[in-house]
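Show me the folded form of this:
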Amino acid sequence: MKIIAVIPARFEAKRFPGKLLKKLGGKTVIEQTFLSALSTDLFDDVYVVTDDERIFSVINNIGGKVIMSKGAYDSGSDRIASVVINMDVDIVLNIQGDEPFMDKNSLSSLLDVLKKDINSEISLASLMTSINDSNLINDPNTVKVIVDKDDFAIYFSRLPVPYKRDDQINVNYLKHIGVYAFRKDALIEFHNQTITPLENSEKIECLRYLENRKKIKMISTLFDGVSIDTPADLEIAKSIWNNNND
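Predicted structure coming up:
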């Protein structure tokens with residue numbers, strides 16, 4: 001079974017353009033993300049997929065495997081699918097280019113879900129963690145997930161779901177962490193499908209899978225890395241990096 005990690009890396013970002021080329025710990029964010037993925041030793045190969053020559057050069061100059069993609073894509077998964085379609089691989093792990101901190105145990109748990117699913121009933125696996133901070137719960141940039149009793153995803157939303165109608169009831173809000181382990185065939189099928197209504201409304205690509213009746217297994221983790229979406233997030237990442245490397 002061949003397993004690869006692919007890091008989609010766009011230069012443009014609405015809230016923080018060029019964030020992947022900002023410095024973190026003496027290297028760019030995309031370099032640190034690539035090197036973190038490589039250091040887990042979980043993958044047969046690690047690739048960066050980008051549409052930007054500057055990002056291509058950064059990874060190429062450190063001897064990393066990087067692929068230039070062509071055309072516009074609706075999601076990171078679409079960008080990844082376009083380059084792995086002709087690769088001889090079984091499982092593809094999608095790692096966000098702006099999340100340089102990784103937890104090997106969590107990634108290993110994701111891969112184990114698909115390895116142990118001998119009947120290939122699960123299309124992909126992803127991570128979730130409990131959140132109690134009301135700011136995060138109500139933040140539309142924090143995607144929440146609802147799961148069934150077996151931790152299969154029911155719905156993803158930017159709204160604080162489930163709705164807490166009774167203040168006396170304890171609600172466990174779950175944050176979706178955007179790391180995915182795909183079966184290659186499920187990823188290619190996703191890429192060949194049109195954007196679905198709920199996906200288009202929420203701008204959450206996982207909803208395309210659910211709307212097409214695919215199973216998404218969610219894995220609980222205590223690890224919650226930093227997604228660098230704003231300059232303030234970069235400062236938080238720098239602080240964590242410095243603390244970890246003192």
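
For the strand ranked longest in the chain, name the packing helices and strands.
The strand spanning the most residues in the chain, taking DSSP state E as the definition, is strand 173-183. In terms of contact count using 3 or more CB pairs under 8 Å, 6 or more residues apart in numbering; DSSP states H and E, strand 173-183 is assigned the packing partners strand 91-94, helix 104-116, strand 124-131, strand 144-147. Yep, even glycine has a C-beta here, placed from its N, CA and C like the rest.

In CSV: those, plus distance to Gly63 and mean neighbour count.
Below are these laid out as CSV (distance: least, CB to CB, whole Å; neighbours: other CB atoms under 10 Å):
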stretch, distance to Gly63, mean neighbour count
strand 91-94, 21, 25
helix 104-116, 22, 16
strand 124-131, 29, 21
strand 144-147, 37, 20
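
So which of these is nearest Ile67?
strand 91-94 (13.0 Å; CB to CB).

Just give me how far that closest one sits from the chain centre.
The chain centroid and the centroid of strand 91-94 are separated by 10 Å under CA atoms, centre = their mean, to the nearest Å.

Quote the end-to-end distance of stretch 55-69.
Start to finish, the residues bounding stretch 55-69 are 12 Å apart (CA to CA, to the nearest Å).

With stretch 202-209 instead?
Between the opening and closing residues of stretch 202-209 lies a distance of 13 Å (CA to CA).

avg pLDDT for it?
Throughout stretch 202-209, pLDDT has a mean value of 94.

how far does it sit from the chain's center?
Offset of stretch 202-209 from its chain centre (CA atoms, centre = their mean): 13 Å.

And for stretch 108-116?
Distance of stretch 108-116 from the chain centroid (CA atoms, centre = their mean) equals 16 Å.

contacting residues around that stretch?
Stretch 108-116 is touched from outside by 1, 3, 40, 42, 91, 93, 122, 124-127, 179-181, 183, 217, 219, 221, with contacts defined as CB atoms under 8 Å, 6 or more residues apart in numbering.

Same question for stretch 138-154.
126, 128, 131, 136-137, 155-162, 173-176, 178, 204, 206, 210, 215-220, 229.

can you pull the buried residues of it?
Of the residues in stretch 138-154, Thr142, Val143, Lys144, Val145, Val147, Asp151, Ala153 count as buried by neighbour count, 16 or more other CB atoms under 10 Å.

average pLDDT for it?
When pLDDT is averaged along stretch 138-154, the result is 95.

Equivalent analysis for stretch 227-235, please.
Mean pLDDT, stretch 227-235: 91.

Same question for stretch 84-103.
The predicted model assigns stretch 84-103 a mean pLDDT of 93.

how long is it from one end to the other?
Using CA to CA, the span of stretch 84-103 from its first residue to its last is 24 Å.

Brilliant, that's me finished.
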